[in-house]
Structures are given as C-alpha cells and as structure tokens.
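[1] Predicted coordinates and the sequence they were generated for:
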Amino acid sequence: MKKFRLEITTPAGAEFAGDVVQLSVRGVEGELAVMAGHIPFTTALVESECRIYDADGEMRRADIKGGLLCVTANKTQVLVSGFEWKN
C-alpha cells in the first residue's frame, strides 16, 4: 500500500510524525479514513479514538481531544488539544 506523511501536534508539541498507510478519526460529520492520494480537505475533529496504520499492517491507537484535520497533497496534519497513546 502507498504511504503518506502524517503529523500529529498538540499545544505541547509534536506527538507523532511519520509515514503511514491509513489514518482513521471521527470528524464532526462522522468516522473517516485518510489514505495516500486522498483529496485535499480540512474538517473539525471531535473527541474520539485515532487509529494509525503503518506499512507493516500494525495499528496504533490513541485518544484525541477535539481539533482539526488538514489533508494536503504533501502531508496530513492533525492538530488537537489533547493526545494520549493507548496500550
């Protein structure tokens, strides 16, 4: 699968930066997934679980507080007020 650059940032600083194959989060209109080549857009995020899938098929989960998701041709940015990895 194709990879894309993902950056997750809180007011405290960077929480994640790396290449991934999929990001799943909950926007104000519902659950959504971003993959390489996704059309550029920006949307508000609600408090929810964030799932990050790497090229090896591993999934990492985190709880996020509300924020913004911005998808561009070069990278995807998640700007949230809180972020905590789950085990």
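    Sure thing, it's come through.
[2] what's the closest non-adjacent residue to Asn74?
    Leaving aside its chain neighbours, Asn74 sits nearest to Arg5 (6.9 Å; criterion: Cβ to Cβ, 6 or more residues apart in numbering). All C-beta atoms are positioned from the backbone trio N, CA, C, and that covers glycine.
[3] So the one you found versus Asp63, what's the distance?
    Relative to Asp63, Arg5 is positioned 22 Å away (Cβ to Cβ, to the nearest Å).
[4] Glu31 now?
    Taking Cβ to Cβ, one finds Glu31 at 15 Å from Asp63.
[5] more neighbours, these two?
    Per other Cβ atoms under 10 Å, whichever of Glu31 and Asp63 has more neighbours is Asp63, with 14 against 10.
[6] Now tell me what touches the helix or strand containing that one from outside.
    Per DSSP states H and E, Asp63 falls inside strand 59-64. Here strand 59-64 makes contact (Cβ atoms under 8 Å, 6 or more residues apart in numbering) with 8, 15, 25, 45, 47-54, 78, 80, 82-86.
[7] coming back round to it: packing partners for the one helix or strand the residue nearest to Asn74 maps to?
    Per DSSP H and E, Arg5 falls inside strand 4-10. Applying 3 or more Cβ pairs under 8 Å, 6 or more residues apart in numbering; DSSP states H and E, one finds that strand 4-10 makes contact with strand 13-20, strand 76-80.
[8] ok, it: who's next to it in the sheet?
    strand 13-20 (antiparallel), strand 76-80 (parallel) (DSSP bridges).
[9] Could you check how far the nearest residue to Gly67 once chain neighbours are set aside is from Ala55?
    Leaving aside its sequence neighbours, Gly67 sits nearest to Val80 (Cβ to Cβ, 6+ apart; 3.3 Å). Applying Cβ to Cβ, the value for Val80 to Ala55 is 24 Å.
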